[in-house]
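output the structure for:
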Amino acid sequence: MRFLAVGCSLAVLAAGSACAQYVISAHAGVVQYVEGRAYLNDQVVEPKFGQFPDIKENQEFRTEEGRVEILLTPGVFLRLGENSSIRMLSNHLTNTRFEVLSGSAMIECSDVPKDNSIEAVYKGNAIRFEKQGLYRIDTEPAHLKVYEGEAVVTDGSGQLGVKGGKQTNLNGVLLAENFDRKDTDALYNWSDRRAAYVAKANIVSASTASGSSSYGGYGSGYGGFGFGGFGYNAIGYGPSFLGGWAFNPFFGMYTYMPYSGFGYSPFGYTYFSPYTVAYAPVYGGLGGYTSAGTTRLSGITGNSRMGVAAAGANRGSALASAAHSGGSFGSMGHMGGGGHSGGGHR
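Numbers count the residues shown, from 1 in each chain. Alright, predicted model coming up:
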């Protein structure tokens with residue numbers, strides 16, 4: 001992986017200390033999390049804390065009895081189910097393309113800059129993700145589901161726009177049909193849990209970047225991370241400068257952090273910026289302290305849309321409370337799948 005580190009501070013962990021690096025990713029295709037057995041170009045991926053394999057162009061990545069989370073452009077997650085495989089066609093941040101070879105893939109788009117192109121390929125179909133949302137591609141049988149957002153599918157006969165609540169087959173005539181978004185499976189539920197971990201890590205990272213001490217923050221205000229006039233260089237930005245990946249040493253994983261305002265996961269979670277993390281209850285006292293994962297106030301399975309500020313803030317309240325009371329963050333979310341604090345992973 002090629003990363004440019006632009007900020008560093010020390011954080012005290014249960015096992016010692018770690019360097020909190022906010023970085024700029026040179027490309028898409030970082031393997032964030034592996035659960036079970038997976039291969040990169042037929043080489044077994046061996047998870048290590050703080051080390052993240054990198055899928056280069058034309059390389060294949062596959063799972064056996066396991067699942068994986070891959071970072072594409074900032075705010076876009078690719079999650080593969082068991083016995084699934086992809087090939088990275090282009091890992092440029094402004095032009096990210098991957099081919100689904102087998103199995104099932106879920107694509108969570110929490111931030112899709114208008115100048116970026118994110119596209120999946122399956123046989124003769126090119127699938128472009130136009131908006132924030134949640135998408136799924138299966139190969140047996142071959143079809144695309146759009147839980148939220150909008151995708152444009154192009155094949156040899158033309159193209160079809162597929163909006164939330166619609167699906168189309170990918171092996172024959174393109175036709176948008178309804179499907180039940182409440183009919184979920186193990187991959188969907190696992191992706192939901194992964195999104196929850198990312199959102200929890202976001203609260204801690206945003207608090208740190210803002211200089212808050214509510215989580216034992218190790219910053220001293222915005223200036224501690226080189227806060228600049230047009231944006232703070234503590235965060236790894238994509239070309240849109242809307243947000244970026246931030247490494248959280250407490251969780252041992254990358255999280256998405258908006259530059260300002262709020263970000264929203266299609267699963268119903270809120271991403272806070274350093275400016276808005278005060279709206280989390282342990283900072284702003286909004287109330288609604290519940291265990292993360294037990295109350296869904298926005299998101300697909302809750303029958304409401306992304307971007308609802310009030311619901312998103314309350315959802316953030318639940319996450320912040322859970323993160324604040326969780327005690328040890330050290331092993332949550334890091335690659336490997338064993339001994340996670342904060343709930344079952346399977």
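
for stretch 179-191, buried residues please.
Applying a neighbour-count criterion of 16 or more other CB atoms under 10 Å, the buried positions in stretch 179-191 are Arg181, Leu187, Tyr188, Trp190, Ser191. Yep, even glycine has a C-beta here, placed from its N, CA and C like the rest.

oh sorry, the question was meant for stretch 59-71
The neighbour-count criterion (16+ other CB under 10 Å) identifies Gln59, Phe61, Arg62, Thr63, Gly66, Arg67, Val68, Glu69, Ile70, Leu71 as the buried residues of stretch 59-71.

Serialize these to CSV and add fields for pLDDT, secondary structure and distance to Pro53.
Putting those into CSV (pLDDT from 0 to 100; DSSP: H, G, I helix; E, B strand; the rest coil; distance: CB to CB, whole Å) gives the following:
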residue, pLDDT, secondary structure, distance to Pro53
Gln59, 97, coil, 10
Phe61, 98, strand, 8
Arg62, 97, strand, 13
Thr63, 97, strand, 13
Gly66, 92, strand, 14
Arg67, 97, strand, 15
Val68, 97, strand, 10
Glu69, 98, strand, 12
Ile70, 97, strand, 9
Leu71, 95, strand, 11
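
stretch 148-162: which residues count as buried?
Neighbour-count burial for stretch 148-162 flags Glu148, Gly149, Glu150, Ala151, Val153, Asp155, Leu160, Val162 (criterion: 16+ other CB under 10 Å).

among these, which two are most distant?
The most widely separated members of the buried residues of stretch 148-162 are Glu148 and Asp155, with 23.1 Å between them, by CB to CB.

before we move on, the earlier item: helices - which of the buried residues of stretch 148-162 land there?
In helices, defined here by DSSP state H, there are no members of the buried residues of stretch 148-162.

doesn't Trp190 lie inside a strand?
No. Trp190 is assigned helix when assessed by DSSP: H, G, I helix; E, B strand; the rest coil, not a strand.

pLDDT score for it?
Residue-level confidence at Trp190 comes out at 97, pLDDT.

what distance do you get for it to Cys109?
Computed with CB to CB, to the nearest Å, the distance linking Trp190 and Cys109 is 18 Å.

now do Met257
From Met257 to Cys109 the distance is 16 Å (CB to CB).

between the two, tell me which one has more neighbours.
Using other CB atoms under 10 Å, the more surrounded residue of Met257 and Cys109 is Met257, with 30 against 25.

per-residue confidence at that one?
Here, the pLDDT recorded for Met257 equals 91.

before we move on, the earlier item: in strands, which of the buried residues of stretch 148-162 appear?
When DSSP state E is applied, those are split such that Glu148, Glu150, Ala151, Val153, Asp155, Leu160, Val162 fall in strands.

closest one to Ala120 out of those residues, please.
Out of these, the member with the shortest distance to Ala120 (by CB to CB) is Ala151, at 8.7 Å.

show me where the stretch 101-250 of the chain has helices.
In the stretch 101-250 of the chain, the helices defined using DSSP state H, counting those that start in this stretch lie at 186-210.

run through it and note the low-pLDDT ranges.
Counting by pLDDT under 70, the low-confidence segments of the stretch 101-250 of the chain come to 212-242.

still on that earlier bit, ok, so of the buried residues of stretch 179-191, who is nearest Tyr271?
If you rank these by distance to Tyr271 using CB to CB, Ser191 comes first, at 15.8 Å.

list the contacts for that closest one?
Counting by CB atoms under 8 Å, 6 or more residues apart in numbering, Ser191 touches Phe77, Arg79, Met106, Glu108, Phe267.

now do 10 Å
Contact criterion CB atoms under 10 Å, 6 or more residues apart in numbering gives 67, 69, 77, 79-81, 106-108, 134, 136, 184, 266-267 as the residues in contact with Ser191.

could you give me the buried positions within stretch 167-175?
Across stretch 167-175, burial judged by 16+ other CB under 10 Å covers Gln167, Thr168, Leu170, Leu174.

re the thing from before, how about the buried residues of stretch 148-162 in JSON lines, adding distance to Pro47?
Supplementary listing: the buried residues of stretch 148-162 in JSON lines, determined by distance: CB to CB, whole Å:
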{"residue": "Glu148", "distance to Pro47": "30"}
{"residue": "Gly149", "distance to Pro47": "30"}
{"residue": "Glu150", "distance to Pro47": "35"}
{"residue": "Ala151", "distance to Pro47": "31"}
{"residue": "Val153", "distance to Pro47": "34"}
{"residue": "Asp155", "distance to Pro47": "37"}
{"residue": "Leu160", "distance to Pro47": "39"}
{"residue": "Val162", "distance to Pro47": "35"}
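
relative to Gly124, which of those is nearest.
Asp155 (5.2 Å).

so the closest one versus Leu175, what's the distance?
Asp155 sits 12 Å away from Leu175, going by CB to CB.
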